[in-house]
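Enquirer: need coordinates for the below:
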Amino acid sequence: MSKTISKSPKVKSYNKIRGWLILPAIGIVISTIISLDTILNKIYPIISNTEQWAYLTSPASEGYIPRFSTIVYYEFYAGLLMLMLLVWLLILFFKKHKLAPIFMIILLIVNIVFSFIDEMLALSILESINITFVKTIGAFFTATIWIPYFILSERVKGTFTQ
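Expert: Residues are numbered from 1 along each chain as shown. Below is the predicted model:
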């Protein structure tokens, strides 16, 4: 009786992030910077300014916006979670860690979910505006391109090996 040993094709090893991987690398860096800027310069100043916060969230105020605090807190905590995911992915990605593709896929899916929730909250608060779900649709199409790439690409398999 002879044993048959099947040889799996050897994946070529890549030492540098090149090819199409440059695009997600740039995207991760830019998204990290934008997320940090949004939290520090747009959301946090609204929450930390007690007079402005009371003006927008107190039912007795003439500037009261119903459920405004809900969307701001959602933006803040979802933004923090995305920032943490992005920083973690940034580290894994540039260390070429084997978990980087998995975290990239997780980030892409979380981005779709967070975008949808964000736009639904905006719609519930600002009924008079026309929400077209451009952010959610963009996140969805981005994921439909990059998720298969991170699953099937030989370059991905050969780059993230640490």
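Enquirer: apart from its neighbours in sequence, what residue is nearest the residue nearest in space to the middle of the chain?
Expert: Ranked by distance to the mean C-alpha position of the chain (Cα atoms, centre = their mean), the top residue is N111 at 4.2 Å. In space, and not counting its chain neighbours, N111 is closest to A139: 4.6 Å by Cβ to Cβ, 6 or more residues apart in numbering. C-betas here are computed from N, CA, C, even on glycine.
Enquirer: contact partners for that neighbour?
Expert: 108, 111-112, 115 (Cβ atoms under 8 Å, 6 or more residues apart in numbering).
Enquirer: just to revisit the earlier point, just the element for the residue nearest to the centre of the chain, please.
Expert: Of the helices and strands defined by DSSP states H and E, N111 is found in helix 100-125.
Enquirer: let's see the pLDDT reported for the residue lying closest to F114 once chain neighbours are set aside.
Expert: Residue nearest to F114 in three dimensions, not counting chain neighbours: A78, with 5.0 Å by Cβ to Cβ, 6+ apart. Note on A78: pLDDT of 96.
Enquirer: ok, A78 - how many residues close by?
Expert: Using other Cβ atoms under 10 Å, A78 is surrounded by 19 other residues.
Enquirer: for it, what are its contacts?
Expert: For A78, the contact set (Cβ under 8 Å, 6+ apart) comprises 114, 117-118.
Enquirer: a markdown table for those residues, including pLDDT, distance to A25 and neighbour count?
Expert: Supplementary listing: the contacts of A78 in a markdown table, determined by pLDDT from 0 to 100; distance: Cβ to Cβ, whole Å; neighbours: other Cβ atoms under 10 Å:
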| residue | pLDDT | distance to A25 | neighbour count |
| --- | --- | --- | --- |
| F114 | 95 | 22 | 19 |
| I117 | 94 | 27 | 14 |
| D118 | 90 | 25 | 18 |
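Enquirer: wait, which of these is closest to I147?
Expert: Of all these, I147 sits closest to F114, with 16.1 Å by Cβ to Cβ.
Enquirer: would you confirm that that closest one contacts M82?
Expert: Yes. Assessed by Cβ atoms under 8 Å, F114 is found in contact with M82 at 6.6 Å.
Enquirer: nearest residue to A54 other than its sequence neighbours?
Expert: Taking Cβ to Cβ, 6+ apart, and ignoring the residues beside it in sequence, A54 has S61 as its nearest neighbour in space, at 6.6 Å.
Enquirer: before we move on, the earlier item: does the residue nearest to F114 sit in a helix, a strand or a coil?
Expert: State at A78, reduced to three classes by DSSP: H, G, I helix; E, B strand; the rest coil: helix.
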